[in-house]
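A.B. asks: coordinates only, sequence not included:
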């Protein structure tokens with residue numbers, strides 16, 4: 001997470017003080033406040049042949065752990081576009097967003113606060129192949145999923161299970 005030392009508007013040294021009820025860095029000269037906003041990210045609870053698509057993470061945080069396809073939303077992308085892009089980059093699969101499962105606040109050791117928007121994705125097509133941030137990719141039956149790397153992924157997975165069970 002980038003931490004300003006100098007004001008990006010007027011180049012004065014930032015000071016730390018109480019702003020809007022929280023300790024924040026700000027500029028006494030021009031009034032700039034450095035808000036530490038969460039980074040937007042997205043994830044896909046992707047279903048193929050009645051099974052969950054999982055990737056083995058090839059980068060930190062969680063390198064070597066099994067997780068859902070996910071990543072940061074690029075400037076100019078919608079959360080839906082980013083979800084489908086990450087799915088394609090990490091698994092080789094394309095699909096259709098069925099519904100948004102939720103918006104979660106997640107604290108990442110490396111990046112700080114992350115706002116994660118998770119979608120249920122189905123109608124998957126393509127050749128499954130790990131790439132980009134994924135070391136491996138596999139299909140897993142729902143009952144075999146014990147725990148995904150990030151807590152919010154587990155919450156979204158449980159919600160997806162309930163939605164799919166009702167069908």
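C.D. replies: Good, I have the coordinates. What you are looking at is a predicted structure, and each value in this text was computed from that prediction instead of being measured.

A.B. asks: any residues touching the lengthiest helix in the chain, and which ones?
C.D. replies: Secondary structure of the chain per DSSP state H: the longest helix is helix 151-165. For helix 151-165, contacts defined as CB atoms under 8 Å, 6 or more residues apart in numbering pick out 43, 45, 47, 52, 67-68, 70, 99, 101-102, 104-106, 116, 118, 120, 142, 145, 147-148. All C-beta spots, glycine's among them, are computed from the backbone N, C-alpha and C.

A.B. asks: please redo it, this time with the cut-off set to 6 Å
C.D. replies: With contact meaning CB atoms under 6 Å, 6 or more residues apart in numbering, helix 151-165 is reached by 45, 68, 101, 102, 104, 106, 116, 118, 120, 142, 148.

A.B. asks: Would you check how far apart the fourth one and residue 58 are?
C.D. replies: To residue 58, residue 102 is 26 Å away according to CB to CB, to the nearest Å.

A.B. asks: higher neighbour count, those two?
C.D. replies: Comparing residue 102 with residue 58 by other CB atoms under 10 Å, the one with more neighbours is residue 58, at 16 against 13.

A.B. asks: quick one, helices of this structure?
C.D. replies: Along the chain, the stretches classed as helices by DSSP H are 79-91, 151-165.

A.B. asks: Next, the contact list for residue 74, please.
C.D. replies: Contacts of residue 74 (CB under 6 Å, 6+ apart): none.

A.B. asks: ugh, typo on my part, it should be residue 124
C.D. replies: So residue 124 contacts 48, 93, 95 (CB under 6 Å, 6+ apart).

A.B. asks: buried stuff in stretch 54-61?
C.D. replies: With burial defined by 16 or more other CB atoms under 10 Å, the residues of stretch 54-61 counted as buried are 54, 55, 56, 57, 58.

A.B. asks: Which single one of those residues is nearest to residue 84?
C.D. replies: residue 55 (14.8 Å; CB to CB).

A.B. asks: Skipping its backbone neighbours, what lies nearest that closest one in space?
C.D. replies: residue 134 (3.8 Å; CB to CB, 6 or more residues apart in numbering).
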